[in-house]
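**Q** sequence and predicted structure below; questions after.
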Amino acid sequence: MAIDHHHDSSAYTGGQAVNDAVDRAAPEAIAADDQKLKRHARLAGLLRKGLQRFVGNVASVLTSEDRRAIHDLRVCSRRVQQILVATYGETLPRRARAIRRRMRRTRRAVGEWRSYDVVIAMLESRLQRARDDDHRRAWSIVLKCAEQARHREIRRARRRLTRLNVFGIKDTGALLIESGASRHLPTDTASRNAIAKAHDRWCEAYATAESGRAEDIHAFRIRTKGLRYRIELARELGTADTKPLIEWFKKLQDDLGRWRDRIELARIIASSIADPERLLTESRASIILLTELERILKRAGGEIQRQLDAARLSPGFAQCNAWVRLYVSQVASPQADNEAGEGTETISTDASPPIVAQNERES
């Protein structure tokens, strides 16, 4: 029987092609696994650092009344939450849920304390600028009430923090990292999905905030923080062109924060004069404070509506939408991810319109 040499040659060529394809795919798979491990290591390092900083901030809050410590504690707790979501996705494992729960309870424990700190600073400024004795007396009444309430709130907050046993949270974090619960997860996808969901919620919150209701505006403010911190985490992992966007978010947060501070000031003014005995004995001061209360609420309502409109029409709003669409849709290459693991920004958003960066304090 004749041998079909042509057939044998074709079979050999086809087999060689498969082998060549496997040989080419192997380095790519190795590179992908390598960058995945680097990304996990980077997130694990950020989590350890965040929990260490969190514990240090709690210690400062328990031993001092530094206003900055409260701010740092609240910011740190939110950032730890974003690291957890970027690492494990929206469905967190048990230990990660325990950490997130403690972060939230810590913020709630010190929330009123922070509000009194801010309002007292505003009251001290108004007292210094009071134009006559009647106004000085009026602001002194509110300031005294706020200081007394602050002292009560500090004691309450510290009791709550002590019950939370936050100093054991580093051990919980270490066990979570050692468990390897995230090793099977595509962390790049988790990070992109986290930002996509945060952006969707942010857009929904903005649409609701246009109602002008205080609770809706406050919810939008919280969503703004969440989206900003997730974008900042993406920058930590190597994403490029985030600085102008983050600066825009800081400016937006400042605007929303000033509105919130005025609402808190109004609440404390109302609380200070909600006393029949004071209305009788301090009638002149009460009239002044009622007038100021009306003026503050009117100003806050007008300003926040202008700020929301300005935000929607600003280049930053469009930039945010464009950046998120590009970030979520773009698949990072192994080379880019490898550079990201080294701290180099790699994902470009040059197609998005630029924003003028604004230097504002971090909120």
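**A** Everything's here; your move. Since the structure is predicted, the reported quantities are computational estimates derived from the model, not experimental observations. Residues are numbered from 1 along each chain as shown.
**Q** chain center to the helix or strand hosting D72: distance?
**A** According to DSSP states H and E, D72 maps onto helix 67-88. The chain centroid and the centroid of helix 67-88 are separated by 7 Å, computed with Cα atoms, centre = their mean, to the nearest Å.
**Q** mind giving me the packing neighbours of that helix?
**A** Packed against helix 67-88 by the contact rule (3 or more Cβ pairs under 8 Å, 6 or more residues apart in numbering; DSSP states H and E) you find helix 5-63, helix 94-128, helix 187-209, helix 214-236. (Glycine included, C-beta is placed from N, CA and C.)
**Q** to T172, which of these lies closest?
**A** Nearest to T172, of all the helices and strands packed on helix 67-88, is helix 94-128, at 5.6 Å by Cβ to Cβ.
**Q** can you list the buried residues in that closest one?
**A** 95-96, 99-100, 102-103, 106-107, 109-110, 112-120, 122-123, 126-127 (16 or more other Cβ atoms under 10 Å).
**Q** what about it, distance to the chain center?
**A** So, by Cα atoms, centre = their mean, the centroid of helix 94-128 is 14 Å from its chain's centroid.
**Q** same question for stretch 200-216.
**A** The mean C-alpha position of stretch 200-216 is separated from the chain mean by 17 Å, Cα atoms, centre = their mean.
**Q** would you mind listing the buried residues in that stretch?
**A** Quick answer for stretch 200-216 (16+ other Cβ under 10 Å): R201, W202, C203, A205, Y206, A209, A214, D216.
**Q** residues touching it, excluding its own?
**A** 217, 219-220, 222-224, 226-227, 263, 301, 304-305, 308, 311-312, 321 (Cβ atoms under 8 Å, 6 or more residues apart in numbering).
**Q** 7 Å instead?
**A** Defining contact as Cβ atoms under 7 Å, 6 or more residues apart in numbering, one finds that stretch 200-216 is touched by I217, A219, F220, R223, T224, L227, I263, G301, Q305, L308.
**Q** just checking, V118 touches D261?
**A** Yes: using Cβ atoms under 7 Å, V118 is in contact with D261, at 5.2 Å.
**Q** give me the below-cutoff pLDDT ranges for this protein.
**A** In the predicted model, the chain carries pLDDT under 70 at residues 1-36, 180-187, 331-363.
**Q** returning to what we had before: tell me the two of the contacts of stretch 200-216 that are most distant?
**A** Greatest spatial distance among these (Cβ to Cβ): L227 and G301, at 24.6 Å.
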